[in-house]
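Novice: One predicted model, sequence on top.
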Number of protein chains: 2
Amino acid sequence: MIEDKNPQRTSLSDLGEFGLIKHLTKNFEINQSSTLKGIGDDAAVLDFKDKKAVISTDLLIEGVHFDLAYMPLKHLGYKSVVVNVSDIYAMNAKPTQITVSVAVSNRFPLEALEELFDGITLAAKEYNVDVIGGDTTSSQKGLIISITAIGEADEAELTYRNGAKSNDLLVVTGDLGAAYMGLQVLEREKQVFQVNPNNQPDLDAYTYIIERQLKPEARKDIRTLLHALEIKPTSMIDISDGLSSEIIHLCKQSGIGCNLYEEKLPLDPQLISVCEEFNIDSTTVAINGGEDYELLFTISMNDFDKIKGNPNFTVIGHMVEESEGIHLITRANTKIPLKARGWNALDN
Amino acid sequence: MIEDKNPQRTSLSDLGEFGLIKHLTKNFEINQSSTLKGIGDDAAVLDFKDKKAVISTDLLIEGVHFDLAYMPLKHLGYKSVVVNVSDIYAMNAKPTQITVSVAVSNRFPLEALEELFDGITLAAKEYNVDVIGGDTTSSQKGLIISITAIGEADEAELTYRNGAKSNDLLVVTGDLGAAYMGLQVLEREKQVFQVNPNNQPDLDAYTYIIERQLKPEARKDIRTLLHALEIKPTSMIDISDGLSSEIIHLCKQSGIGCNLYEEKLPLDPQLISVCEEFNIDSTTVAINGGEDYELLFTISMNDFDKIKGNPNFTVIGHMVEESEGIHLITRANTKIPLKARGWNALDN
């Protein structure tokens, strides 16, 4: 579908590797005082002074993590930054820099890469991160994106996965499951398109869930908000693989158990109606969906009053002793062991 | 060829993503005091105190950067670390951490990934870097490796590409062109093997150049040596794309020219004889070959006495005014403009 959208095609080999890098990186600005040297040397140079440096990396592969049949390249560039800075926010840290490496097959014209980098540039502005390096090369097949995100934090701010205590409250930001159902709608439309390419899809009823899939945002507001509320979470993680998988990470690393309440799960009305349309249980979607990029954290019960009634936060459970296990408490008040059914990249 | 070497095959999907990461990373040790938190959270946490942090990243793609027909996976793992830490040494900095992301297709059994990670572990020990994170996923085709290297340095030590001055001496470590000719020998043997799989190649005459291709080393000794000699290079770069390409980088970024002397180029005797065998000009190989991972740097003329006669260093040219251009001065004393004919990933 890329070819259709780009009547103007410039071959990548016309530019050469150095020319291409220069062309694609010309819009990147340096805004962080910690960036001493960005693109253009053997390595970038950063100065975190008395802050700690926080580093995370992700690899995104066409056909495994994204499908260009319905993922516009600009959105893909944006999302690939979002998923990485989300990991930095999950440490209660502030993202400051990213490196961006891209491998493409020859079927990609320059204009396609420009779209991808437009999305990367937009996300770098939105999250105020400097693009300080990377690599551009050819691939045998498809598009490959590797991003490393770097952030900074005071040592006292940093929030790990292993600090949750029994009786802590389990809190999640935003709502759950929408990105997963957005993907199901897009997959369905792709199949309709393959049967009848002239069909014009009416996606008005799915705008929110599709946006959650195609253009998710990382919760950059939460760090500031928690700071203003004088809350330091006892543990934190972002929701990429799915709620159940992330809860199990927090429990295992903290050596505790958890009761998660089905009735507390925050679901958008659009998600509920689409789940009905697809005849899928919305609780299953909320728990196993993945790609929400919301933050999941635990706080001391003493901090409950500080978040009570705040629309950004939902208390969805509480932590218990390790011996009590990790369970979902259903609306019918039955106790079901929670299993990690998160998206497993190696099953693809 | 991987299949032949591994009678025992464990499917990756048997382990699952989390199980696989745990299995592959179990041998990684934390040795750097700057590593506060390694693998196991949303991000790693580093503390560089009053040092500057130095960051570089590379993407290696099967069929573009390496050929598993003659590159054993353990060597590949080792080399993928080497090419990254080499960039850190090229800043006159000390590598301290790496992140390692790997994507593989289902044709790879667990045993193949173990070989790859054995090589990564060996290199991490050799260069004393902590493996602090990464990502493991599936690919549609072949093996993809993305490594980000992190290092540290005092601000005063850092050596950029843009500090060379007219009249500075151009110095290179080690010898040039061997990795490229090693690749030519391996390509030839691959073709022989395809015609006659029972042929046992006799590679005794090529051991040095093949090792330079399959198991290169980064020059971790040079930083210490320069420090002991009280030399701070005015500019520095590592030789990955080829000497001519790197000289042009130094010249362009420093705003100067260069005279490079053909007769000064350091060539190993084995390289010279193999070039004769292949009927290739050894100067062309030394200048355009690439993948040497030696360090190329400029020093003030005043520092010449400190390196004179030192077998680690060869003075191969001197820097001139920008208006004089960038030239190779041949043995016949003719002046040929130097062109960047370095390996261009996008032509592949």
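Specialist: Arrived safely.
Novice: all strands of chain A, in order?
Specialist: When assigned using DSSP state E, the strands of chain A occupy the ranges A:35-37, A:44-46, A:52-61, A:94-104, A:130-138, A:144-153, A:169-173, A:235-238, A:257-261, A:295-299, A:313-320, A:326-329, A:335-337.
Novice: Which other helices and strands does the fifth one contact?
Specialist: Right, the one you point to is strand A:130-138. Secondary-structure packing of strand A:130-138 (3 or more Cβ pairs under 8 Å, 6 or more residues apart in numbering or on different chains; DSSP states H and E): helix A:12-24, strand A:35-37, strand A:44-46, strand A:94-104, helix A:110-126, strand B:52-61. (Glycine included, C-beta is placed from N, CA and C.)
Novice: hmm, try it at 10 Å
Specialist: Counting contacts by 3 or more Cβ pairs under 10 Å, 6 or more residues apart in numbering or on different chains; DSSP states H and E, the secondary-structure elements packed against strand A:130-138 are helix A:12-24, strand A:35-37, strand A:44-46, strand A:94-104, helix A:110-126, strand A:144-153, strand B:52-61, strand B:144-153.
Novice: Quick one: closest of those to A:A218.
Specialist: Using Cβ to Cβ as the measure, strand A:94-104 is the one of the helices and strands packed on strand A:130-138 that comes nearest A:A218, at 8.2 Å.
Novice: In its sheet, which strands sit next to that closest one, and in what direction?
Specialist: Sheet pairing here is set by DSSP bridges, and for strand A:94-104 it gives strand A:130-138 (parallel), strand A:144-153 (antiparallel).
Novice: Need the winner for burial among those strands.
Specialist: strand A:144-153 (a mean of 27; mean count of other Cβ atoms under 10 Å in any protein chain shown).
Novice: leaving aside the residues next to it on the chain, what's closest to A:L143?
Specialist: Nearest residue to A:L143 in three dimensions, chain neighbours excluded: A:E62, at 4.3 Å (Cβ to Cβ, 6 or more residues apart in numbering or on different chains).
Novice: Could you report the pLDDT at that neighbour?
Specialist: According to the prediction, A:E62 has pLDDT 95.
Novice: is it in a bridge, and if so with what?
Specialist: Partner residues in beta bridges with A:E62: A:F66, with DSSP bridges as the criterion.
Novice: what's it in contact with, if anything?
Specialist: A:E62 is in contact with A:68, A:71, A:76, A:103-105, A:139, A:141-145, B:139-140, counting by Cβ atoms under 10 Å, 6 or more residues apart in numbering or on different chains.
Novice: hmm, back to that, the strands of chain A into JSON lines, with extra columns for distance to B:E211?
Specialist: As requested, those are arranged in JSON lines below (distance: least, Cβ to Cβ, whole Å):
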{"stretch": "strand A:35-37", "distance to B:E211": "34"}
{"stretch": "strand A:44-46", "distance to B:E211": "31"}
{"stretch": "strand A:52-61", "distance to B:E211": "30"}
{"stretch": "strand A:94-104", "distance to B:E211": "27"}
{"stretch": "strand A:130-138", "distance to B:E211": "25"}
{"stretch": "strand A:144-153", "distance to B:E211": "29"}
{"stretch": "strand A:169-173", "distance to B:E211": "53"}
{"stretch": "strand A:235-238", "distance to B:E211": "44"}
{"stretch": "strand A:257-261", "distance to B:E211": "53"}
{"stretch": "strand A:295-299", "distance to B:E211": "49"}
{"stretch": "strand A:313-320", "distance to B:E211": "55"}
{"stretch": "strand A:326-329", "distance to B:E211": "52"}
{"stretch": "strand A:335-337", "distance to B:E211": "54"}
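Novice: among the ones you listed, which is nearest A:V195?
Specialist: Set against A:V195 and scored by Cβ to Cβ, these come closest in strand A:52-61, at 27.1 Å.
Novice: which stretches of chain A have low pLDDT?
Specialist: Counting by pLDDT under 70, chain A contains low-confidence residues at A:1-8, A:341-348.
Novice: Give me the residue at the spatial middle of chain A.
Specialist: Central residue check for chain A by Cα atoms, centre = their mean: the C-alpha nearest the mean position is that of A:V83, 3.2 Å away.
Novice: circling back to that earlier point, and of the strands paired with strand A:94-104, who's closest to B:L169?
Specialist: Checked against Cβ to Cβ, the stretch from these lying closest is strand A:130-138, at 28.9 Å.
Novice: what's the angle from that closest one to helix A:12-24?
Specialist: Between the direction of strand A:130-138 and that of helix A:12-24, the angle (axes from the mean of the first three to the mean of the last three Cα atoms, to 10 degrees) works out to 170 degrees.
Novice: domains of chain A?
Specialist: Domain assignment for chain A, taken from automatic domain parsing, gives A:2-153, A:169-347.
Novice: Burial-wise, tell me which of those domains comes out on top.
Specialist: Per-stretch averages of neighbours, counted by mean count of other Cβ under 10 Å, single out domain A:2-153 among the domains of chain A, with a mean of 21.
Novice: to the chain's geometric centre, what's the distance from that domain?
Specialist: For domain A:2-153, the distance from its own C-alpha centre to the chain's C-alpha centre is 15 Å (Cα atoms, centre = their mean, to the nearest Å).
Novice: for A:D202, phi and psi?
Specialist: In terms of degrees, to the nearest 10, the main-chain angles of A:D202 are phi -100, psi 100.
Novice: how much space between it and A:M71?
Specialist: 20 Å (Cβ to Cβ, to the nearest Å).
Novice: quick one, which of the strands of chain A is nearest to B:L36?
Specialist: When these are ranked by proximity to B:L36, the top entry is strand A:52-61, at 6.4 Å, counting by Cβ to Cβ.
Novice: Give the pairing partners of that closest one; include direction for each.
Specialist: Counting by DSSP bridges, the strands paired with strand A:52-61 are strand A:144-153 (antiparallel), strand B:44-46 (antiparallel).
Novice: relative to helix A:110-126, how tilted is the first one?
Specialist: Counting by the same axes, to 10 degrees, strand A:144-153 points 10 degrees away from the direction of helix A:110-126.
Novice: follow-up on the earlier one: for the strands paired with strand A:52-61, could you give me CSV that also reports distance to B:I316?
Specialist: CSV is the format used below for the strands paired with strand A:52-61 (distance: least, Cβ to Cβ, whole Å):
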stretch, distance to B:I316
strand A:144-153, 35
strand B:44-46, 37
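Novice: Those strands: which one's closest to B:G257?
Specialist: Between B:G257 and those, the tightest spacing by Cβ to Cβ is seen for strand A:144-153, at 35.7 Å.
Novice: CA atoms of that closest one as CSV?
Specialist: Listed in CSV are the C-alpha atoms of strand A:144-153, where the atom choice follows Å, rounded to 0.1, in the frame of the first residue of the first chain:
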residue,chain,number,x,y,z
ILE,A,144,13.1,-2.8,11.4
ILE,A,145,13.2,-0.1,14.1
SER,A,146,15.4,-0.1,17.1
ILE,A,147,15.1,2.7,19.6
THR,A,148,17.0,3.2,22.9
ALA,A,149,15.5,5.7,25.3
ILE,A,150,17.6,7.5,27.9
GLY,A,151,16.2,9.4,30.9
GLU,A,152,17.2,11.0,34.1
ALA,A,153,15.9,11.0,37.7
